[in-house]
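J.: Got a predicted structure plus its sequence, pasted below:
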Amino acid sequence: MNTNASSRYDVVIVGGGHNGLVAAAYLARAGQRVLVLERLPRVGGAAVSARAFPGVDARLSRYSYLVSLLPRKVVRDLGLRLDLRRRRIASYTPAERDGKPTGLLVDAGDPGRTRESFRTLTGADRDWQAWQRFYGMTGQLARRVFPTLTEPLPSRAELRRRVADDEAWTTLFERPLGETIERTFADDLVRGVVLTDALIGTFTHAHDPALRQNRCFLYHVIGNGTGDWDVPVGGMGAVTDALAEAALAAGARIRTDSEVTAIAADRAGGGGRGDAEVVYRHRDGEEATVAARRVLVNAAPATLARLLGEAPGPVPEGAQLKVNMVLRRLPRLRDTSADPREAFAGTFHIAEGYRQLETAHAEAQAGRLPSAPPSEIYCHSLTDPSILGPEAVRQGLQTLTLFGLHMPARLFGDPAADPGAKDRALAASLAQLDAVLAEPVADCLATDAEGRPCIEARTPPELEREIGLPGGHIFHRDLAFPFADGEVAGAAARWGVATGHPNVLLCGAGAVRGGGVSGIPGHNAAQAVLEDLARR
């Protein structure tokens, strides 16, 4: 199909997830003519809110659910109207000692209370002191590394100089994290609480020689120089709404229900000097082609390869079970010393002892459902009741989000061949939750307008089908360390967003510094475009 002047843009952005919207806002504010094409009827990708249950006025963060990595710089630059609320309780982990229920409470606002909880659980101060030293080290590293994520990509040597701590560098960038955890902490439960940040969204184990666990851990502890994971007031959809508003106000055009089916890079054959062409199909069946000086792709590298007609390489594999619930009330805990309103307000760890995590990984690696599936829960509505309508508040409803670990796509295979795999995974995960409750969580579930329990689950294959994550991988592919391994040439490589085509850039989670709800790849892709323009 031929293009004309009315269908030419400076930049076409493929995918209207939060990173695509960040890039669109920056570029439109700089005077670029920008078009965003989104396959779904709404923008946001995984950063959306939804009323998942008929007749229940609760806006759930359906996929992604907390924010840590979104830089304050991006919020300021784009004038985002966004409220991120700190959680007072960082985590609660139920346990059993000497046949009695207990737990580990980490209170971010009261170190003395946290110390006493460590002492009650472990019988001594050793692991509390080790916890203080370890997270003091990661906190210092976070303050030095996080600002580099919105700067040109440093070399490995440059980043090591910025870190200026040989022990921290070795711990997080050179040796498997499991070595440090086992050397530093004595208690199995404490070890597990630390390890979980290395496993969220990453199918790996403590001693993985490829250091995938280290990369995942790094991104979980450096957000905004603190590592805090905050609750977006209004739900994740509020993040998307603020970004879409900023992009539209700057003059970007957003077209939803428009699925990109092909990208032709450098149609002039001039080594990146010609236009690229993007073919898309609207839901009404109409097909159109637009040309752009540059195309920014807010999709996984495997998806980009398919759109370019290239071999995609190995498909990533996601490894999580995402469960959303609405409750009539919070369940009571077996540990009667813990207040459910505190325990569920932070990250509630389930079956996440160190040995439990390693066993679950080994079982899933062998293609078996973990016998004790590990997971994490938190209650958004305790920190931010605005996601509930007035009637839901009057009724005392609460929301729960469960994120199950070590649930790789291979366990779910072909739904037609094994339709019960998802139900078994959900039942096994809820059984582990029930084991630490004084009553089954099923007894606390609200019901929708049709009398059905308010619970839904999403497997990796469903995440691929619904929001386009290859293999259900929430980071699009394995995370990368935030430095360049070799020489970089050109603005796109300097910002970590290069592809094999000079006029096609990554702006999504598959970029070098991607992953999480951060906007960092969108920011960096925009900066690469603007830097390249400034040199011409």
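T.: In hand now; what should we look at? On a predicted model such as this, the values are computed, not experimentally measured, just so you know.

J.: The closest residue to residue 8 other than its chain neighbours in helix, strand or coil?
T.: Excluding the flanking residues, the one nearest residue 8 by Cβ to Cβ, 6 or more residues apart in numbering is residue 291, at 4.7 Å. Where you see a C-beta, it was placed from the backbone N, CA and C, and this is true even at glycine. Here residue 291 is recorded as strand under DSSP: H, G, I helix; E, B strand; the rest coil.

J.: State the distance from residue 291 to residue 277.
T.: Noted for residue 291: a distance of 5 Å to residue 277, by Cβ to Cβ, to the nearest Å.

J.: same check, this time on residue 372
T.: Separation of residue 372 from residue 277 (Cβ to Cβ): 52 Å.

J.: So which of those two has more stuff around it?
T.: A count of neighbours by other Cβ atoms under 10 Å puts residue 277 above the other of residue 372 and residue 277, at 22 against 18.

J.: Verify the stated contact: the more buried one with residue 261.
T.: No. Contact status for residue 277 versus residue 261: not in contact, 11.5 Å apart, counting by Cβ atoms under 8 Å.

J.: Can you give the distance of stretch 289-300 from its chain's centre?
T.: With Cα atoms, centre = their mean, to the nearest Å as the basis, stretch 289-300 stands 23 Å off its chain's centre.

J.: What residues of it count as buried?
T.: Residues 290, 291, 292, 293, 294, 295, 296, 297, 298, 299, 300 are the ones in stretch 289-300 that count as buried (16 or more other Cβ atoms under 10 Å).

J.: ok, those vs residue 104, which is closest?
T.: Of all the buried residues of stretch 289-300, residue 300 has the smallest distance to residue 104: 36.4 Å, by Cβ to Cβ.

J.: show me the contacts for that closest one.
T.: Residue 300 makes contact with 316, 468, 469, 470, 473, 476, 477, 508, 509, 510, according to Cβ atoms under 8 Å, 6 or more residues apart in numbering.

J.: Of the residues you listed, which pair is most distant in space?
T.: Counting by Cβ to Cβ, the most remote pair of the contacts of residue 300 is 468 and 477, 13.5 Å apart.

J.: got the contact list for the nearest residue to residue 390 once chain neighbours are set aside?
T.: Excluding its sequence neighbours, the residue lying closest to residue 390 (Cβ to Cβ, 6+ apart) is residue 57, at 7.8 Å. When contacts are counted by Cβ under 8 Å, 6+ apart, residue 57 touches 51, 388, 389, 390, 391, 392.

J.: Check residue 448 too.
T.: Contact partners of residue 448, counting by Cβ under 8 Å, 6+ apart, are 53, 54, 55, 56, 454.

J.: Run a quick neighbour tally on the last one.
T.: Residue crowding around residue 454 was assessed by other Cβ under 10 Å; the count is 23.

J.: how near is it to residue 503?
T.: Taken as Cβ to Cβ, the span from residue 454 to residue 503 is 47 Å.

J.: ditto for residue 220
T.: Distance of residue 220 to residue 503, given as Cβ to Cβ: 34 Å.

J.: for residue 145, same thing?
T.: Applying Cβ to Cβ, one obtains 31 Å for the distance of residue 145 from residue 503.

J.: More neighbours: the two, which one.
T.: More neighbours surround residue 503 than the other of residue 145 and residue 503, with 26 against 23 (other Cβ under 10 Å).

J.: Quick check on the more buried one: phi, psi?
T.: Residue 503 adopts backbone torsions of phi -100, psi 20, taken as degrees, to the nearest 10.

J.: Which pLDDT value belongs to residue 484?
T.: pLDDT for residue 484: 95.

J.: is it true that it touches residue 157?
T.: No. If you go by Cβ under 8 Å, residue 484 and residue 157 don't touch, sitting 10.0 Å apart.

J.: sorry, back to before: tell me the one of the buried residues of stretch 289-300 nearest residue 191?
T.: Taking Cβ to Cβ as the measure, residue 191 sits nearest to residue 300 out of the buried residues of stretch 289-300, at 32.4 Å.

J.: so who does the closest residue to that closest one other than its chain neighbours touch?
T.: The shortest distance from residue 300 to any non-neighbouring residue, by Cβ to Cβ, 6+ apart, is to residue 476 (3.8 Å). With contact taken as Cβ under 8 Å, 6+ apart, residue 476 is in contact with 299, 300, 301, 302, 316, 469, 470, 508, 509, 510, 514, 515.

J.: likewise residue 150?
T.: The contact partners of residue 150, by Cβ under 8 Å, 6+ apart, come to 71, 73, 74, 520, 523, 524.

J.: Surely the fifth one and residue 74 touch.
T.: Yes. Counting by Cβ under 8 Å, residue 523 sits close enough to residue 74 to count as a contact (5.6 Å).

J.: ok, back up a step: quick one: the residue nearest to residue 390 from residue 44, how far?
T.: Residue 57 is 20 Å from residue 44, by Cβ to Cβ.

J.: Buried ones in stretch 335-343, by neighbour count?
T.: Across stretch 335-343, burial judged by 16+ other Cβ under 10 Å covers 335, 338, 340, 343.

J.: just how off-centre is it within its chain?
T.: The chain centroid and the centroid of stretch 335-343 are separated by 27 Å under Cα atoms, centre = their mean.

J.: now do the same end-to-end measure for that stretch.
T.: Across stretch 335-343, the terminal residues are separated by 10 Å (Cα to Cα, to the nearest Å).

J.: Equivalent analysis for stretch 207-226, please.
T.: Stretch 207-226 has an end-to-end distance of 26 Å (criterion: Cα to Cα).

J.: Just give me the neighbour total for the residue lying closest to residue 382 once chain neighbours are set aside.
T.: Closest residue to residue 382 apart from its sequence neighbours, by Cβ to Cβ, 6+ apart: residue 345 at 4.3 Å. Neighbour count for residue 345, taken as other Cβ under 10 Å: 23.

J.: quick one: secondary structure of residue 345?
T.: Classification of residue 345 using three-state DSSP returns coil.

J.: For it, which residues are in contact?
T.: 87, 88, 89, 378, 379, 382, 383.

J.: show me where the stretch 101-250 of the chain has helices.
T.: Taking DSSP state H, counting those that start in this stretch, the helices of the stretch 101-250 of the chain run over residues 111-122, 126-145, 156-163, 166-169, 177-184, 188-196, 212-221, 236-250.

J.: so can I have CSV of these showing distance to residue 422 and mean pLDDT?
T.: Output for the helices of the stretch 101-250 of the chain, formatted as CSV (distance: least, Cβ to Cβ, whole Å; pLDDT from 0 to 100):
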stretch, distance to residue 422, mean pLDDT
helix 111-122, 34, 97
helix 126-145, 35, 98
helix 156-163, 41, 97
helix 166-169, 40, 97
helix 177-184, 30, 98
helix 188-196, 23, 98
helix 212-221, 24, 98
helix 236-250, 23, 98
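
J.: To residue 61, which of those lies closest?
T.: Of all the helices of the stretch 101-250 of the chain, helix 236-250 comes closest under Cβ to Cβ, at 4.0 Å.
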